[in-house]
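Novice: Please work out how this folds:
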Amino acid sequence: MRRTPVYYYSSSSGLVRTFAERLDRPVRNLAEREHRRSEVDGPWVLLTPSYKTGNDANDTIPEAVRRFLASPHNRRLLVGVMGSGNRNFGQYYQKAAREIAQRSGRPVLFEFELAGTPWDVEECERILRDLDAALAERHAGGQPAA
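Specialist: Numbering: from 1, shown residues only. As a prediction, the model looks like this:
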């Protein structure tokens, strides 16, 4: 069964990268140009942080994520969004993930704080395994995977 890849953006803090690399599946860092400029080869999940701390003039969606989503092909095959955030951001906690999900019509699959806990990793892996199974079943039934 295909393991749905996770495309993520992580700043120099590395918190999102730390979480992504603990998942049992292919991960691609959108901070790396080769991944940011690529096109996906099937259904995929986005993992994005939110950085906004209260300045309404600042955007919450990282530029690398915005550029990757500029591709109609990549947007079409997106199946879900996950978010990392900091509860200190108040109303902006998970804003990027929630905004991308709302704009794309895709669900928020999972949210966690900072680099996540071991429970967060286990729960996220369970959700992604269920997603993999659902996509495989859908594909076997002759329906398009995304």
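
Novice: Tell me where the protein has helices.
Specialist: 15-21, 33-36, 63-68, 72-77, 95-104, 118-140 (DSSP state H).

Novice: Dump the ones you listed to a markdown table, plus mean pLDDT.
Specialist: Shown next, in a markdown table, are the helices of the chain (pLDDT from 0 to 100):
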| stretch | mean pLDDT |
| --- | --- |
| helix 15-21 | 95 |
| helix 33-36 | 92 |
| helix 63-68 | 93 |
| helix 72-77 | 97 |
| helix 95-104 | 94 |
| helix 118-140 | 95 |
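
Novice: Out of those helices, which is closest to Thr4?
Specialist: Distance to Thr4, taken as C-beta to C-beta, is lowest for helix 118-140 among the helices of the chain, at 5.5 Å. All C-beta atoms are positioned from the backbone trio N, CA, C, and that covers glycine.

Novice: Please spell out which residues along that closest one are buried.
Specialist: By neighbour count on 16 or more other C-beta atoms under 10 Å, the buried set for helix 118-140 is 120-121, 124, 128, 131-132, 135, 139.

Novice: Which one of those is nearest to Ala101?
Specialist: Distance to Ala101 across those (C-beta to C-beta) is lowest for Leu131, with 14.3 Å.
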